[in-house]
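S.K.: got a predicted structure plus its sequence, pasted below:
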Amino acid sequence: MQAVRNAQPLHESTQWETSALDLDAYLARIDYRGPLAPSLETLTALQQAHLAAVPFENLEIVTGGEIRIDLESLQDKLVRRRRGGYCHEQNTLFATVLDRLGFEVAGRNARMLMGEDASVVTPLGHTLLVVKVAGHDWMVDVGVGNVGPREPIRLEADLEVSHGPWEYRLERSPLGYWLLRHKRLGEWFNIYQFSDEPCYRADSGEYNYLASRHPGSPFVRRIVAQHNGAEIRLALTDLELKIFRPGQAPELQRIEADALPDVLRQRFGLALTPEQERALLQRAETLVETTSEGEQLGT
C-alpha cells in the first residue's frame, strides 16, 4: 500500500500579505472602475491603470528616508501618500492586489541589462511577476520605469507584441533565461533576463536593502523619477529630463535645481512634504556644484 502524505499548508513566508490589503483604497488610488474577475482583461486593465497613476521613483532614498516593502508601509506610501516607488515596492503591492482578486501570482527576480549584451551575467536584483491566467503564464511588471511593457506578455519564446506604439519581444537568451527586449528607433534594446526560479518576499527584502542602501546602487547615487505613459514616456535623472515618443530620438531638457519640486509635481504627480522638498533641493544643489567643478576641470 502506498503511503499517503498529508498536505502541509504553505508557510506564510511563501504567500502575499493579502489579508491587510485595503483594496478599495488601492483601486481609488489608480482610478480603476473596471472588472475585477481574475481574467486577462482585468489583469491588462489593472496594469495599465497602475502605470498611469503610480510613477517610478527613488525620492525617499535621496531625501534621507527608508524603503520598506511590508504591506502597511507600501499602502502608506504608494496609496495614502500617493507616492511612487521602484520595482520591489510596486510589484509587491501589485502582486498582493492580484492575489486578493484571485489571480495565481508568483515573484521572479531578473538580471538587469539596460542595453548590455545578453551573454553578460549581471547581478540579480529586479523584482517582476508571473501570473497564470487564461491557461498560460504571463510576465507582468509595473516596476521597471519608463521602458517596461504596459500589458502582460505571455511566456513564449520569440514572441513579439505591440502595446500601443511600443514594441516588445520575449526570447531565450544565450544563458538560457527569458530575455525581455524593447524596440528603440528600429533596434532591439535588452531590458533584463530572468529564470523560472521563484522569488519570495524575503528575497525582495534583501534586494530592496541593497538597492536602497548600498553606496554603489544607482538609486542611492542619483535622483530618479520615471513615468510609463501610453503615448509619452518620461525619465528624470538628477537634473536631466528625457521625453520619449514612439519612433523618435528622446528630447532632453535640463532642469534648474530650484524647479525640481515643480517638475515632480507637474510631470510625475509627485507631491513631497516641505521637509522632503528641502532635502531634495539640498541634494540637487550638490549636483549643480559637482557639475560646475567638472566644467572647470574640463571633465
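M.R.: Done, it's in.

S.K.: can you give me the strands for this protein?
M.R.: 56-57, 104-112, 124-133, 136-140, 153-154, 159-163, 166-172, 178-184, 187-199, 224-228, 233-237, 240-244, 251-254 (DSSP state E).

S.K.: which of the ones you listed sits most buried?
M.R.: Of those, the one with the most neighbours on average (mean count of other CB atoms under 10 Å) is strand 56-57, at a mean of 26. Backbone N, C-alpha and C define where each C-beta goes, glycine included.

S.K.: which other residues reach it?
M.R.: Contact with strand 56-57 is made by 83-86, 90, 143-146, 224-228, 268, 270, as judged by CB atoms under 8 Å, 6 or more residues apart in numbering.

S.K.: returning to what we had before: mind putting the strands of the chain in a markdown table, distance to residue 275 included?
M.R.: Shown next, in a markdown table, are the strands of the chain (distance: least, CB to CB, whole Å):
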| stretch | distance to residue 275 |
| --- | --- |
| strand 56-57 | 17 |
| strand 104-112 | 32 |
| strand 124-133 | 29 |
| strand 136-140 | 35 |
| strand 153-154 | 40 |
| strand 159-163 | 38 |
| strand 166-172 | 37 |
| strand 178-184 | 37 |
| strand 187-199 | 34 |
| strand 224-228 | 18 |
| strand 233-237 | 21 |
| strand 240-244 | 24 |
| strand 251-254 | 26 |
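
S.K.: as JSON lines, these with mean pLDDT and distance to residue 96 would be great.
M.R.: As requested, the strands of the chain are arranged in JSON lines below (pLDDT from 0 to 100; distance: least, CB to CB, whole Å):
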{"stretch": "strand 56-57", "mean pLDDT": "98", "distance to residue 96": "18"}
{"stretch": "strand 104-112", "mean pLDDT": "98", "distance to residue 96": "9"}
{"stretch": "strand 124-133", "mean pLDDT": "98", "distance to residue 96": "11"}
{"stretch": "strand 136-140", "mean pLDDT": "99", "distance to residue 96": "13"}
{"stretch": "strand 153-154", "mean pLDDT": "98", "distance to residue 96": "21"}
{"stretch": "strand 159-163", "mean pLDDT": "97", "distance to residue 96": "24"}
{"stretch": "strand 166-172", "mean pLDDT": "98", "distance to residue 96": "25"}
{"stretch": "strand 178-184", "mean pLDDT": "98", "distance to residue 96": "23"}
{"stretch": "strand 187-199", "mean pLDDT": "98", "distance to residue 96": "14"}
{"stretch": "strand 224-228", "mean pLDDT": "98", "distance to residue 96": "20"}
{"stretch": "strand 233-237", "mean pLDDT": "98", "distance to residue 96": "26"}
{"stretch": "strand 240-244", "mean pLDDT": "98", "distance to residue 96": "30"}
{"stretch": "strand 251-254", "mean pLDDT": "98", "distance to residue 96": "36"}
